[in-house]
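> Just a sequence and a predicted model for now, questions to come.
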Amino acid sequence: MRMRRRPLLGAAVVGGVAYHAGKKGQQSRDQEADQNAQIADLQAQQQQAPPQAAPAAAPAAEEDPMAKLTQLKSLLDQGVLTQAEFDFQKTKILQSM
């Protein structure tokens, strides 16, 4: 009887190893298919969505009023603005506050 058990035991081991290898191979193929599907989804999303433009620079109206007044005073001191222009712009800034 011992002679019969060893071939059966050997066949059982070989069959078990083959089953395990087949199962692992299928799991690897499934995982690769999932990854490929995710990549395809991401590529489709990138193609559909237009690239977002960089945010525009903040308009001058959103600047700090005190910073504007300081800048205007600097321009007045440099002689770029006249006193009348400075007063007009200062009035506009103060009214917008």
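Perfect, I can see it now.

> What segments of the chain are helices?
2-48, 65-78, 83-96 (DSSP state H).

> In CSV, list these along with mean pLDDT and mean neighbour count.
(Glycine included, C-beta is placed from N, CA and C.) Converted to CSV, those look like this (pLDDT from 0 to 100; neighbours: other Cβ atoms under 10 Å):
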stretch, mean pLDDT, mean neighbour count
helix 2-48, 80, 10
helix 65-78, 91, 13
helix 83-96, 91, 12
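
> Format the CA atom coordinates belonging to stretch 23-41 as CSV.
Extracted C-alpha coordinates of stretch 23-41, given in CSV (Å, rounded to 0.1, in the frame of the first residue of the first chain):
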residue,chain,number,x,y,z
LYS,A,23,-5.6,31.0,-9.3
LYS,A,24,-2.7,33.4,-8.7
GLY,A,25,-2.4,33.9,-12.5
GLN,A,26,-6.1,34.7,-12.8
GLN,A,27,-5.9,37.1,-9.9
SER,A,28,-2.9,38.9,-11.6
ARG,A,29,-4.9,39.1,-14.9
ASP,A,30,-7.9,40.5,-13.0
GLN,A,31,-5.8,43.1,-11.2
GLU,A,32,-4.2,44.2,-14.5
ALA,A,33,-7.6,44.5,-16.1
ASP,A,34,-8.8,46.7,-13.3
GLN,A,35,-5.7,48.9,-13.5
ASN,A,36,-6.2,49.2,-17.3
ALA,A,37,-9.8,50.2,-16.8
GLN,A,38,-8.8,52.8,-14.2
ILE,A,39,-6.2,54.2,-16.6
ALA,A,40,-8.8,54.3,-19.4
ASP,A,41,-11.3,56.2,-17.2
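
> gap between it and the chain center?
Taking Cα atoms, centre = their mean, to the nearest Å, the mean C-alpha location of stretch 23-41 is offset from the chain mean by 24 Å.
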